[in-house]
Structure formats: C-alpha cells, structure tokens
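Student: With the sequence up front, the predicted model follows.
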Amino acid sequence: MDLPDYAIEAHGVTKIYAAKGVAPAKTALNRLDLKVPRGSIFGLLGPNGAGKSTFINIIAGLVRKTEGTVSVWGRDIDERGRDARAAIGVVPQELAADVFFTPRESLETQAGYYGVPKHERHTDALLAALGLSDKANAYVRQLSGGMKRRLMVAKAMVHSPPVLILDEPTAGVDVDLRRQLWAYVSELNRQGVTIVLTTHYLEEAQELCDQIAIVNHGSVVACEPTASLLRRLDTRNVVVTPDMPVTAAPLLAGFETRLRAAGAFSVTYRTGQSSVEQVLAAVRGAGIHIKDIATEDPNLEDVFLSLTGAPA
Ligand code: ADP
Ligand code: MG
C-alpha cells in the first residue's frame, strides 16, 4: 500500500458545542484546514481556548464535529472510523489513570483492546523506553504525575501506530521528565512515526517541531515549516539594559517593547523597515541611558504575538 503524503488532513472542520443550560452555544472550530506531512514533528500552537483539544478529540473520535472532513493516514474518520483510530495513538490533555491497574496491566489491557496478539506485544520494551520498568508492578495511583503522563504515552503506543498525538504533554511535568519524554518522542520520529503535539512551551516547539500551525479562535492562522514561520516576520529584538533598571517597558513610537528580567527591556523592530541605530536613537530619545545591548533573532513568542495579538 502506498503511504499517504499527509498523516492527517482536515478540511473545513467546524465544531459548535451546543448550548447547555445558561451556557450559550460555542463555536470551538471555525472551518479549520490543516495538513500534517507524514514523518514530521508537527506543533499545534495557540492560546487557551483556541480549539486545539477539540480538534485532537475529533481526530481521536471523542468529539463529533459539526462540519468538514478529517482523514487520518488516508482514512476518512466518518467512513472508516475504526481504521482511522487504529492509525493513531492519542495522549489526551486530561490524565485519566486506571487506579486499580499496575502499569503492566494497564498496557496489556490496552493492547487487548486494540486486538494486538500476545506475541506481538512489546509491553516490557515500552515500560523501559518510558523509564517505568521499576514501576511495572506498582499501582498506578502510587505513580507521580510525570510517571502517569509517561504511562499514558506508553498506552498510546501499544498498537505501534504510525501517528502519535500528544495534547499538552509537558503540562505539569518537571524538566528531567520532559527531556526524557522528548528524547523518546524524537526517537520514535527517527523511526518514522509522525508526531503531533500541542504545547504552551513555545521554545520547546521551536526546538522540536519541524512544522508549526498556529490556531486562534478555531482557525489556522499560520502553518509552515518552523524556520519559514520565523523568517516570515523578519523581526529582530534589541535587548537593552539601562543604567537605571526600569519597572515597565518604555513606550517607543513605531516599536513593540517588552519588559525583561532585572530591569531590562526588549525592543522589536522589522529588519526591512528600521535599524538598530534607529532603535537606540528611540531609546535615548525616551531619556534612557544605555548600559548594554544585545540583539536576538525572533522567537515563536514574537511570531505568535504578531499573528494573534495574544500572549501564549
Ligand atoms: P484549547 O485546547 O486550544 O485550549 P479547547 O478545544 O479546549 O481549546 O476549547 C475551545 C473552546 O471550546 C473553548 O472556548 C472552550 O471553552 C470550548 N469548549 C471545549 N470543550 C467544550 C465542551 N465540552 N462544551 C462546551 N464548550 C467547550
Ligand atoms: Mg487544550
């Protein structure tokens, strides 16, 4: 069978949650279009309430879309729902641990649910890959939050799906565990697994993802390779350390400014329109004496702000 060009394809997906009691109807997705190239690590970014989880839950078959089409691994989720679900592993945003199972039992049960024959299961390898070998027979309720999260990832992979979807996988996970998780995810990707993740850690997305879609108010406002998304803005930051630390970023006409740590602030300018010289002139014009400056390439935070007008 030919492999699909896109691991996930969504066209015109709309989701309207029905009114409930005093809560009015809510349009969570508004004609969302998205193509996730096979083999990518694809980041789905957007402010809270943008519709990321709704989209993932539609793919997972947990939420019913109002309109539009979605296919997973070339399989339409309406026409071939079962086949589509077999192609993905989903780690939902909300942790739902089976408190009466041990991690080993939990994985075995999940494998049974997917119809994976006993001799094809890789329970021990999964436990080892996610650093859970020594907890294999502990009760899930005795695991830390980070361990539970990793168990959820292992559960999502029991049927060796070609696509792994992680909804805010690092929320509440400490730095070490986060690194382990990313190492595992990167290794899966090297083996050919397409990864889709949502995260609020913009720097992490910038580092990990080769493709990024930014979702705002239920629509995709940008979707491109990470490098081109960053290039698109063509902005630079000048970080100014003043003689006297400031408590608020100064207002400078024509520039975006933001407070940094230790009384410093950043000034963002467009490389095609102004220069560092002009930035420094504006800073001096505001009566600020400059002790030190540094320049920075734009990061996703800047891209995000300029596209959505909201902080992540
Ligand atoms: P994100 O994951 O990007 O934070 P969500 O998909 O969770 O966004 O939410 C998108 C919008 O839909 C939000 O306004 C949220 O309040 C609303 N929403 C999410 N789930 C439900 C639900 N079950 N019923 C009604 N509204 C919902
Ligand atoms: Mg969410």
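Tutor: Structure received. Ligands and ions are numbered 1, 2, ... in the order given.

Student: hey, what's the closest residue to ligand 1 within the stretch 201-312 of the chain bridged with?
Tutor: Closest approach between the stretch 201-312 of the chain and ligand 1, counting by C-beta to the nearest ligand atom: Val215, at 6.6 Å. All C-beta spots, glycine's among them, are computed from the backbone N, C-alpha and C. On the basis of DSSP bridges, Val215 is bridged to Val220.

Student: ok, now how distant is it from Val70?
Tutor: 15 Å (C-beta to C-beta, to the nearest Å).

Student: Looking only at neighbour counts, state which of those two leads.
Tutor: Val215 (24 against 21; other C-beta atoms under 10 Å).

Student: Next up, phi/psi of Lys52, please.
Tutor: phi -60, psi -50 (degrees, to the nearest 10).

Student: tally of neighbours for it?
Tutor: Using other C-beta under 10 Å: Lys52 sits among 24 other residues.

Student: Quick check on Asn48: phi, psi?
Tutor: For Asn48, the backbone dihedrals are phi -50, psi 140 (criterion: degrees, to the nearest 10).

Student: how near is it to ligand 1?
Tutor: 4 Å (C-beta to the nearest ligand atom, to the nearest Å).

Student: Show me which residues of the stretch 1-150 of the chain sit near ligand 2.
Tutor: Contact residues (C-beta under 5 Å from the ion) of the stretch 1-150 of the chain with ligand 2: Lys52, Ser53, Gln93.

Student: what sits against the first one?
Tutor: The contact partners of Lys52, taken as C-beta atoms under 8 Å, 6 or more residues apart in numbering, are Leu44, Leu45, Gly46, Asp167, Thr198, Val215.

Student: domain parsing for the protein?
Tutor: Taking automatic domain parsing as the reference, the chain has its domains at 6-225, 235-308.

Student: Could you point out the bridge partners of the most centrally placed residue in the chain in the sheet?
Tutor: By C-alpha atoms, centre = their mean, the chain has its centre lying nearest to Thr198, at 2.0 Å. Here Thr198 sits in beta bridges with Leu44, Asp167, going by DSSP bridges.

Student: Is Arg236 in a helix, a strand, or coil?
Tutor: Judged by DSSP: H, G, I helix; E, B strand; the rest coil, the three-state class of Arg236 is strand.

Student: Pull the contacting residues for it.
Tutor: For Arg236, the contacting residues are Thr268, Tyr269, Thr271, Val276, Thr295, Glu296, Asp297, Pro298, by C-beta under 8 Å, 6+ apart.

Student: out of the residues you listed, which are inside helices?
Tutor: Secondary structure assignment by DSSP state H places Val276 of those in helices.

Student: Verify the stated contact: Ala10 with Leu32.
Tutor: Yes: with contact defined as C-beta atoms under 8 Å, Ala10 counts as touching Leu32 (5.9 Å).

Student: For PyMOL, write the select line for the buried members of the contacts of Arg236.
Tutor: In PyMOL, this line selects whichever of the contacts of Arg236 come out buried by 16 or more other C-beta atoms under 10 Å:
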select buried, resi 268+269+298
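
Student: re earlier: distance check, the residue of the stretch 201-312 of the chain closest to ligand 1 against Asp78.
Tutor: Separation of Val215 from Asp78 (C-beta to C-beta): 22 Å.

Student: any idea which of the contacts of Lys52 is closest to Arg149?
Tutor: Nearest to Arg149 among the contacts of Lys52: Asp167, at 11.1 Å, using C-beta to C-beta.

Student: Overlap of the contact sets of Ala10 and Leu32?
Tutor: With C-beta under 8 Å, 6+ apart as the test, Ala10 and Leu32 both reach Phe55, Gly68.

Student: and Thr170, how many neighbours?
Tutor: Burial of Thr170 is recorded as 20 neighbouring residues (other C-beta under 10 Å).

Student: Repeat that for Arg190.
Tutor: As a burial measure, Arg190 scores 9 neighbours (other C-beta under 10 Å).

Student: how much space is there between it and ligand 1?
Tutor: From Arg190 to ligand 1 the distance is 28 Å (C-beta to the nearest ligand atom).

Student: For that residue, which residues are in contact?
Tutor: Taking C-beta under 8 Å, 6+ apart, one finds nothing in contact with Arg190.
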